[in-house]
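**Student:** Fold the following, please.
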Amino acid sequence: MATKKTSKPIMRKFSDWMSSLRSQPRNVQPATEPLPTKEDIVDISLKEMAHCIGTLNRVTALRFKMDGIDCLKFAPHLGLAWSSFSANLQSLSIQTDLAMYQKILLQKPHFPNLTALEVILTVNYVPGRSGRNYNSTPLAHLINSISPRLNELCFMLAGHREHPYVFPFLSNTLPLEKLQVKAGWIHSQDDVDSLVNFLCDGTHFLRELDADIDSRTLELLKSTIGANSLSRLQILKINPTCSPDSIDVLCAFIKCASDTLEQLVIYDVELTQEEALFLVNKLSNCSKLSTLGLRIVILDAAFVNNMATKLSGLKSLDLWYDAQRTPVTSLIDLEEVLRKQSHSQWNLEDVAIFHSYLPMEANYRMMNAFAQSVPSIKSFCSLGHMDGKAGWRSF
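**Tutor:** Residues are numbered from 1 along each chain as shown. Presented below is the predicted three-dimensional model:
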């Protein structure tokens, strides 16, 4: 087999290069630049990011997430962001630790048009510090000063191991229309007192409340909530701790907002048959109620018939029930009743029925029975259709 010959000029250049290497002293290494360290890479990346941010001047929504010990290095560069587009921001989400929030406060950013703020607090875990209360007043001061137009405020925790201390320092004059408070923010008695005061005295504009409420807060709310509290509430999503006061406080919320309440979702707490029927009777006074989500111990025909009669204006219904405590005969009877009895006066358009212990096919079969009884139902699980093979299993 013939081989291709290498051209002489190339071979001559290669020979000259090898000769030059042999002529160099062996103890001299070719000059090379040192490899960048991790700190160098972080610094370069932050500078490039800051440069890019400085060119943006039409941003109206910003989601800022920065954790770890390197986040403080970015703090000086945030000034470019605030000077570039803070005046245009309408929505801001910040996920970082308390030290970074303090840095932001010291920069005194101006957000004249900000209406929605999400505060997600993280912590750099240090062994031995877990479970300790600490002063979060810088965070409260930041919220109080951030914008006079703020009407949506959300508190969340991300991997937090300590207890924030914010509500005692939060102004109750904020013109909030939406408040979300998730688990962990309410810890001390001062937090409880301040949250209750915030809900009962400073929420004349509040239209949506999404809150995890512990037993101490429930107990104080029971005795504090008044006729003028939450009088404009339209959406209530609540996770009340299992407590004897839970149903009483829920009914107090419903009574205060009976003229305006449109959506009620109760997380995690399973209502007994008596509690569920009692709650439905109270909700019958809410003429604008269109969405209801409940967890109940037992699902049976009596409860469904009561809802169809008392809550005929409902458009969307989500029910979770305990399949281990609901007798199989109750479910069989309910399906049979639904298939034979028409609830044409019920205005339901979407229904979702769930339990944790039976196959998903059982959920679909029950929802299909609802659809046969209620002609207005057009959708299962907010999917926009009733096809049992087109996505409901992934809900």
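**Student:** how does the chain divide up, domain by domain?
**Tutor:** 46-170, 262-395 (automatic domain parsing).
**Student:** Ok, which of those comes nearest residue 244?
**Tutor:** Comparing the domains of the chain against residue 244 with Cβ to Cβ, the closest turns out to be domain 262-395 (10.9 Å). Backbone N, C-alpha and C define where each C-beta goes, glycine included.
**Student:** Show me what counts as buried in the helix or strand encompassing residue 50.
**Tutor:** Assessed by DSSP states H and E, residue 50 sits inside helix 38-54. For helix 38-54, burial by neighbour count (16 or more other Cβ atoms under 10 Å) applies to 46, 50, 53.
**Student:** by contact count, what packs against it?
**Tutor:** Packing partners of helix 38-54 (3 or more Cβ pairs under 8 Å, 6 or more residues apart in numbering; DSSP states H and E): helix 71-74, helix 78-85.
**Student:** least trustworthy helix or strand in the chain by mean pLDDT?
**Tutor:** Lowest on mean pLDDT, DSSP states H and E among the helices and strands of the chain sits helix 8-23, with a mean of 54.
**Student:** Could I get the contacting residues of the most centrally placed residue in the chain?
**Tutor:** Centre of the chain computed as the mean C-alpha position; nearest residue by Cα atoms, centre = their mean is residue 156, 7.3 Å away. When contacts are counted by Cβ atoms under 8 Å, 6 or more residues apart in numbering, residue 156 touches 118-121, 180, 182.
**Student:** what two of those are the furthest from one another?
**Tutor:** Longest distance between any two of the contacts of residue 156 is 13.4 Å, between 121 and 180; criterion Cβ to Cβ.
**Student:** how about the strands of this structure, start to end?
**Tutor:** 61-65, 91-97, 116-122, 152-157, 178-181, 208-213, 235-240, 263-271, 291-296, 316-321, 350-354, 379-380 (DSSP state E).
**Student:** which residues sit against the helix holding residue 50?
**Tutor:** Helix 38-54 has contacts (Cβ under 8 Å, 6+ apart) with 36, 70, 73-74, 77, 80-81, 83-84.
**Student:** repeat that with 10 Å
**Tutor:** By Cβ atoms under 10 Å, 6 or more residues apart in numbering, the list of residues contacting helix 38-54 from outside reads 34, 36-37, 59, 62, 66, 68, 70-71, 73-85.
**Student:** Just the buried residues of these.
**Tutor:** For these, a burial check counting by 16+ other Cβ under 10 Å picks out 62, 66, 71, 73-75, 78-82, 84-85.
**Student:** ok now do the residue nearest to residue 287 when sequence neighbours are not counted, which residues does it touch?
**Tutor:** Residue nearest to residue 287 in three dimensions, not counting chain neighbours: residue 313, with 7.0 Å by Cβ to Cβ, 6 or more residues apart in numbering. Residue 313 sits next to 284, 286-290, 345-348 when contact means Cβ under 10 Å, 6+ apart.
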